[in-house]
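*Asks:* give me the fold of what follows.
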Amino acid sequence: MNNYKITVVVPTYNTGKGIYDLFDSIKSQTMGFENIEVIFVDDNSPDEETLAILSELDSYSNVSVVKLKENSGFPGRGRNIGLDMAKGEFVIFCDHDDTYNEGAFERMYDEITSNGADLVFTNYFRVYPDRKDKEKTVFDGENIIIGNVEEDLRLFELSPSIWTKLFRKEFLTSNNISFLEGMLGEDLELFIHAILLSNKTIYLDDFYSYNYSIRDSDEDKSTIHLRNKLIFSKMIEGYYKTEELLSNLNKEEYFDLVFKKHFVYFLTNLVKSNISDDDKRELLIAINPILKRELLISPNLDERIFNGLARHLSNNQIDEAVKEMNKIKKIRRIKNKVKSFLKF
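*Replies:* Predicted structure coming up:
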């Protein structure tokens, strides 16, 4: 069968048995598994268990497995390969260690087809070891259908995470929209590209399609929580590519809306990291040209604790900025200890 309604593209790497949970959530979709194509693209996993499971799943007629000969290190290449292969009219991209709720695809498919949209996306759950929280957004339960992003600029405040977003494949391919490869921030760049060119976009804030597993323990960390120099440098590369995209599309008026929250996110994680002061200095030097552009618009990044840091960065005082980051880290560590003591 080649007339699939939806193609699900899943990059994998050393996933192990976690693939079963994701796959089971796709098989149990209310729209019917026969209407869904699944493409796994493995990033040259050395893990024999992962490879064995993928070979097992490859036995399904609507499942394809691609095994890359060289590790690319980041999900963009695998997603692009899956996009090129997709036979579905619509395509969605998910992570290998999360799951979909059983009515997710049916609701999204019904919305995008009945409204003739290029893109539909939803809210999601954050899943921790001890709880499951609804993601809170500026929409506060409101759903929207818009023809142009200018009709509701709040879209720029939503997470660019790709796994809740269903695209009309022809919309992506005809507009040459694909993922950045060899770096992070690939979901941000593609999301911004898509909402700027979409002729109709649907956002369902009251519908939770996805379970996003938060892995940030010493034993188990997702890529974004590794907080090492390589990860930060690849995030910076993605930010510059997104800035380049805005320039190429003549949409630079959205620079502040696109980057404000992401620079706060970057700095927050850099503060949390345990990398050396020399590495912090090198990363701040790399990001500062684009960060200073944002500071001209929002001098304090709307975060009081970053006021001193923002001032140092605006003045190219990199050494002072590193000292300020270490100071912020100590303050936050003390606050967390106090909170833990009060809870006890």
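
*Asks:* only C-alpha atoms for contact and neighbour calcs from this point on.
*Replies:* Will do.

*Asks:* so where do the strands sit in the stretch 1-150 of the chain?
*Replies:* All strands of the stretch 1-150 of the chain, identified by DSSP state E, counting those that start in this stretch, fall at 6-12, 36-42, 63-67, 90-93, 99-100, 119-128, 131-134, 143-146.

*Asks:* in its sheet, what does the fifth one sit against?
*Replies:* Going back to what we said before, that points to strand 99-100. Using DSSP bridges, strand 99-100 pairs in its sheet with strand 201-213 (antiparallel).

*Asks:* where does the protein dip in pLDDT?
*Replies:* Counting by pLDDT under 70, the chain contains low-confidence ranges at 1-2, 215-226, 334-344.

*Asks:* the most centrally placed residue in it: what's it in contact with?
*Replies:* The residue lying closest to the centre of the chain (CA atoms, centre = their mean) is Ser161, at 2.8 Å. Shown in contact with Ser161 (CA atoms under 8 Å, 6 or more residues apart in numbering): 187-188.

*Asks:* Thr50 versus that one, what's the distance?
*Replies:* 24 Å (CA to CA, to the nearest Å).

*Asks:* shouldn't Lys272 be in contact with Lys327?
*Replies:* No - checked against CA atoms under 8 Å, the pair Lys272 and Lys327 is beyond contact range at 11.2 Å.

*Asks:* comparing those two, which residue is more hemmed in?
*Replies:* Neighbours were counted for Lys272 and for Lys327 using other CA atoms under 10 Å; Lys272 has more, 17 against 14.

*Asks:* Ser209 touches Tyr109, doesn't it?
*Replies:* No - if you go by CA under 8 Å, Ser209 and Tyr109 don't touch, sitting 11.9 Å apart.

*Asks:* more neighbours, the two?
*Replies:* Legend: neighbour count by other CA under 10 Å for Ser209 and Tyr109, higher for Ser209 (24 against 19).

*Asks:* what residues are up against the residue nearest to the more buried one when sequence neighbours are not counted?
*Replies:* Nearest-residue entry for Ser209: Ala104, 4.7 Å, with adjacent residues in sequence omitted and distances by CA to CA, 6 or more residues apart in numbering. Listed by CA under 8 Å, 6+ apart, the contact set of Ala104 reads 29, 208-210.

*Asks:* rewinding a little: quick check on the residue nearest to the centre of the chain: phi, psi?
*Replies:* With angles defined as degrees, to the nearest 10, Ser161 sits at phi -50, psi 130.

*Asks:* do the same with Ile297
*Replies:* In terms of degrees, to the nearest 10, the main-chain angles of Ile297 are phi -90, psi -50.

*Asks:* can you tell me what sits against stretch 227-236?
*Replies:* Applying CA under 8 Å, 6+ apart, the contact partners of stretch 227-236 are 182-185, 223-224, 266, 269-270, 272-275, 279, 283, 286-287.

*Asks:* just to revisit the earlier point, closest to His193 out of the strands of the stretch 1-150 of the chain?
*Replies:* With CA to CA as the measure, strand 119-128 is the member of the strands of the stretch 1-150 of the chain nearest His193 (11.7 Å).

*Asks:* just checking, what packs against that closest one?
*Replies:* Packing partners of strand 119-128 (3 or more CA pairs under 8 Å, 6 or more residues apart in numbering; DSSP states H and E): helix 104-114, strand 131-134, strand 165-168, strand 201-213.

*Asks:* helix/strand/coil for the nearest residue to Cys94 once chain neighbours are set aside?
*Replies:* Spatial nearest neighbour of Cys94, excluding adjacent residues (CA to CA, 6+ apart): Trp163 at 4.4 Å. At Trp163 the chain is in helix, as set by DSSP: H, G, I helix; E, B strand; the rest coil.

*Asks:* show me the contacts for Asn307.
*Replies:* Contacts here follow CA under 8 Å, 6+ apart; on that basis Asn307 touches 299-301.

*Asks:* rerun at 7 Å
*Replies:* By CA atoms under 7 Å, 6 or more residues apart in numbering, the residues touching Asn307 are Asn300.

*Asks:* helix or strand: which one has it?
*Replies:* Using DSSP states H and E, Asn307 maps to helix 307-314.

*Asks:* may I have that helix exported as CSV, CA atoms only?
*Replies:* Extracted C-alpha coordinates of helix 307-314, given in CSV (Å, rounded to 0.1, in the frame of the first residue of the first chain):
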residue,chain,number,x,y,z
ASN,A,307,20.9,41.8,34.0
GLY,A,308,24.6,41.9,34.9
LEU,A,309,25.4,39.2,32.4
ALA,A,310,23.6,41.1,29.6
ARG,A,311,25.4,44.3,30.4
HIS,A,312,28.8,42.6,30.3
LEU,A,313,28.0,40.9,27.0
SER,A,314,26.7,44.2,25.5
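
*Asks:* what's the burial count for Asp97?
*Replies:* When neighbours are counted by other CA under 10 Å, Asp97 comes out with 22.

*Asks:* and it, how far from Asn211?
*Replies:* From Asp97 to Asn211 the distance is 9 Å (CA to CA).
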